[in-house]
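**Q** Whatever this is, show me its structure:
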Amino acid sequence: MAMSGIAFWPVAASSYAAQIDWLFVALVVVTGAISVPAITALVWFAVKYREGNPADRRQPPQRKVWLEIGWTTVPFVLTLAVFVWAAALYRDHADLPAEGLEISVVAKQWMFKFQHPGGQRELDELHVPAGQNVKLLMTSQDVIHSLFLPALRIKQDVLPGRVTALWFKADRPGVYHLHCAEYCGTNHSLMGTRFVVMRPEEYQAWLTHAGEDTALAAEGGRLFREVGCSGCHENRNSPVRAPNLCGVFGSSVALADGRVVVADEAYIRDSILLPGRDIVAGFKNDMPNFTGKLTEAQVQALVAYVKSLALAGDEVGRVQLPPNGLAAGSVCRGAVR
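**A** Now for the predicted structure:
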């Protein structure tokens, strides 16, 4: 019986998730079988032998030894069986498979960044093929996070300064939730994303499209230097102080007028074409206006490049960013260029 058929039960996207569901059901049944009779007897005796009740309180003429052995042994055997079952499931999942698709994961406040073996990068989304072992090699840039995939019934802490691993094989294509299950700061509740399980052929098509996006970011990196953006944003010695772009995409940006905005695609686009609209706190309105100077394709390439800086700049979480500008070649390691 598929446990996911129950409306309030999370969808099981793997055979391992179904086994965890049955383990949970077994644990509830065993706990109920042990606790319900005990609580029932407790209530019954409390009522029957309450103060003032003329109940017979004499010592019983004989003890039922086998009854006492039974109510001790049976619960012990049942709970031990559940423990052995759970330990076996844990052991099977703790051992990483020798073969599998390896995806690098970097967690930071408040997002997850994923990089596939071919270089394709994702921010707050994870695409994987169905029916294939997937290994997530994870580290944190700042605090302890926890990557939780409810549809797979698995969770693993993501730690700063260490690499932790999590593997799975999702069998059911679909779109599911991916959460951070460790309180990691003010916006912890917003650190949720999509987990997309795709048929193998669809996943290969997605990889091709994502590879095109990577090429677009590379074109944006070339354009970033050609039109002079690097002179202010990458040069520490520039007389013009420009905001730090390494890791800016997807982060919260404090503005000079007191507002705080999220640096999404629209924000990056407006910063290029309407630089006076949202001035970063602590900086002057020195950014030139590129409206009419860049084509739509060039703007899209620049946005893709800035996004790649966010995905690559925090790759290991050990780089200290300079306060005024940055040297992207050394700080944003792995950036598409």
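
**Q** now the strands for the stretch 201-337 of the chain?
**A** Here the stretch 201-337 of the chain has its strands, by DSSP state E, counting those that start in this stretch, at 252-254, 260-262.

**Q** Those strands into TSV, with extra columns for mean pLDDT?
**A** Rendered in TSV, the data for the strands of the stretch 201-337 of the chain read as follows (pLDDT from 0 to 100):
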stretch	mean pLDDT
strand 252-254	87
strand 260-262	88
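
**Q** now the ones you listed in TSV, with distance to D286 and mean neighbour count?
**A** C-beta here means a position set from N, CA and C on the backbone, and glycine is covered the same way. Formatted as TSV, those follow (distance: least, Cβ to Cβ, whole Å; neighbours: other Cβ atoms under 10 Å):
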stretch	distance to D286	mean neighbour count
strand 252-254	17	14
strand 260-262	19	12
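
**Q** Of those strands, which is nearest G192?
**A** Closest to G192 of the strands of the stretch 201-337 of the chain is strand 260-262 (Cβ to Cβ; 14.5 Å).

**Q** That closest one pairs with which strands, and in what direction?
**A** strand 252-254 (antiparallel) (DSSP bridges).

**Q** Show me the domain layout of this protein.
**A** The chain breaks down by automatic domain parsing into domains covering 3-94, 101-198, 212-331.

**Q** Adding distance to W206, write the ones you listed out as TSV.
**A** Formatted as TSV, the domains of the chain follow (distance: least, Cβ to Cβ, whole Å):
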stretch	distance to W206
domain 3-94	17
domain 101-198	5
domain 212-331	10
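
**Q** Mean confidence (pLDDT) on stretch 296-303, please.
**A** Stretch 296-303 comes out with an average pLDDT of 81.

**Q** So what's the gap between it and the chain middle?
**A** When C-alpha coordinates are averaged (Cα atoms, centre = their mean, to the nearest Å), stretch 296-303 and its chain have centres 29 Å apart.

**Q** repeat for stretch 63-76
**A** Worked out by Cα atoms, centre = their mean, stretch 63-76 lies 47 Å from the chain centre.

**Q** which residues sit against it?
**A** Residues outside stretch 63-76 that contact it (Cβ atoms under 8 Å, 6 or more residues apart in numbering): 30, 33-34.

**Q** Mind listing the residues bridging to K113?
**A** Going by DSSP bridges, K113 is paired in beta bridges with V106, L123.

**Q** Give me the below-cutoff pLDDT ranges for this protein.
**A** 1-8, 60-61, 212-213, 235-238, 310-337 (pLDDT under 70).

**Q** Closest to the centroid, which residue in it?
**A** Computing the C-alpha centroid of the chain and ranking residues by Cα atoms, centre = their mean puts L147 first, at 4.0 Å.

**Q** Could you tell me whether it really is in a strand?
**A** Yes - under DSSP: H, G, I helix; E, B strand; the rest coil, L147 falls within a strand.

**Q** show me what contacts it?
**A** 105, 107, 112, 136, 138, 155-156, 158, 166, 178, 180-181.

**Q** Put together a markdown table for the strands of the stretch 201-337 of the chain, with distance to V197 on each row.
**A** As requested, the strands of the stretch 201-337 of the chain are arranged in a markdown table below (distance: least, Cβ to Cβ, whole Å):
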| stretch | distance to V197 |
| --- | --- |
| strand 252-254 | 30 |
| strand 260-262 | 27 |
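
**Q** which stretch among these comes nearest W22?
**A** strand 260-262 (41.4 Å).

**Q** circling back to that earlier point, check the domains of the chain for me and report the most buried one.
**A** When those are scored by mean count of other Cβ atoms under 10 Å, the highest mean neighbour count falls to domain 101-198 (a mean of 18).

**Q** Kindly check the end-to-end length of that domain for me.
**A** 14 Å (Cα to Cα, to the nearest Å).

**Q** chain center to it: distance?
**A** Taking the mean of its C-alpha atoms, domain 101-198 sits 4 Å from the chain's own mean (Cα atoms, centre = their mean).

**Q** so M138, which of the three states?
**A** M138 - assigned by three-state DSSP - is strand.

**Q** show me where this structure has helices.
**A** Assigned helices in the chain, in chain order: 15-48, 65-94, 200-226, 229-233, 265-273, 296-313, 328-331 (criterion: DSSP state H).

**Q** Is Q156 bridged to anything, and to what?
**A** With DSSP bridges as the criterion, Q156 is bridged to L147.
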